[in-house]
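**Student:** Attaching a predicted model along with its sequence, questions to come.
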Amino acid sequence: ETGVTQTPRHLVMGMTNKKSLKCEQHLGHNAMYWYKQSAKKPLELMFVYNFKEQTENNSVPSRFSPECPNSSHLFLHLHTLQPEDSALYLCASSQTPPGLAGGGGEQYFGPGTRLTVT
Amino acid sequence: GENVEQHPSTLSVQEGDSAVIKCTYSDSASNYFPWYKQELGKGPQLIIDIRSNVGEKKDQRIAVTLNKTAKHFSLHITETQPEDSAVYFCAAPSFLGNEKLTFGTGTRLTIIP
């Protein structure tokens, strides 16, 4: 267990549905991330939150809407998705964003939500 | 931004032999290089990382080496075991406004018993 939990683990939704993915970290970290993992592609960073403030939106379509009510919880709200959005969605957290002077940045991942859009 | 290339994409190794996976990066300011292991049905797990002030770091059978001049770093697994079979990812940070990790495309390592 990495201290990062995600629910649900599997989700099948139609293109007109609205659903939400939930992530919770029990590590006392300040930064949280959403990644998309598709077959044969590198991990794609979607959103970064640092101290509950969104610091990165990696050109993600508006049908994905993140929410970070506090530094322990992160949501990804989904609506009117496309079949090509089917993927594994991973949440991660770290004490600080990576690469900052003084260390930190180690990211810990949850198990992911396997999303299938039909 | 950062560009990370990882090789090979697949690697099969006899149990007990060593495995080496290599990554190159483009941003000379990068100072933190983690390696992740992802098993089937799980998220990536951090297994070892190195910062730019050292050239090598070891943790039991796993080691990472860093060559800042050539901008490449490598994962070395010795005395491989069946449980080492997984997909391995390298990553490096980029600094253009927001610090974030850029990941390599992954290496599927298979240990042959």
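**Tutor:** All right, it came through fine. Numbering: from 1, shown residues only, chains lettered A, B, ... in the order given.

**Student:** Tell me the pLDDT of residue 77.
**Tutor:** Just so you know, I chose chain A. pLDDT recorded at A:H77 is 97.

**Student:** other chain: chain B
**Tutor:** Looking at B:I77, its pLDDT is 98.

**Student:** What strand or helix carries the closest residue to chain A within chain B?
**Tutor:** Residue nearest to chain A within chain B: B:P93 (3.1 Å; CB to the nearest CB). C-beta coordinates here come from the backbone N, C-alpha and C atoms, glycine included. Following DSSP states H and E, one finds B:P93 within strand B:86-94.

**Student:** for the record, mean pLDDT for that strand?
**Tutor:** The pLDDT scores in strand B:86-94 average 91.

**Student:** List the contacts of it.
**Tutor:** With CB atoms under 8 Å, 6 or more residues apart in numbering or on different chains as the test, strand B:86-94 has contacts from A:42-43, A:98-99, A:105, B:1-2, B:4, B:6, B:21, B:23, B:25, B:27, B:30-40, B:44, B:73, B:75, B:99-104, B:106-109.

**Student:** Pull up the pairing partners for it, direction included.
**Tutor:** Its sheet considered, strand B:86-94 pairs with strand B:32-38 (antiparallel), strand B:100-103 (antiparallel), strand B:107-112 (antiparallel) by DSSP bridges.

**Student:** Just the buried ones from the contacts of strand B:86-94, in PyMOL syntax?
**Tutor:** To isolate the buried members of those in PyMOL, using 16 or more other CB atoms under 10 Å in any protein chain shown:
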select buried, (chain A and resi 42+43+98+99+105) or (chain B and resi 2+4+6+21+23+25+27+30+31+32+33+34+35+36+37+38+44+73+75+99+100+101+102+103+104+106+107+109)
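
**Student:** if we can go back for a sec, for the strands paired with strand B:86-94, could you give me a markdown table that also reports mean pLDDT?
**Tutor:** Output for those, formatted as a markdown table (pLDDT from 0 to 100):
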| stretch | mean pLDDT |
| --- | --- |
| strand B:32-38 | 94 |
| strand B:100-103 | 86 |
| strand B:107-112 | 97 |
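
**Student:** Fine by me, we can end here.
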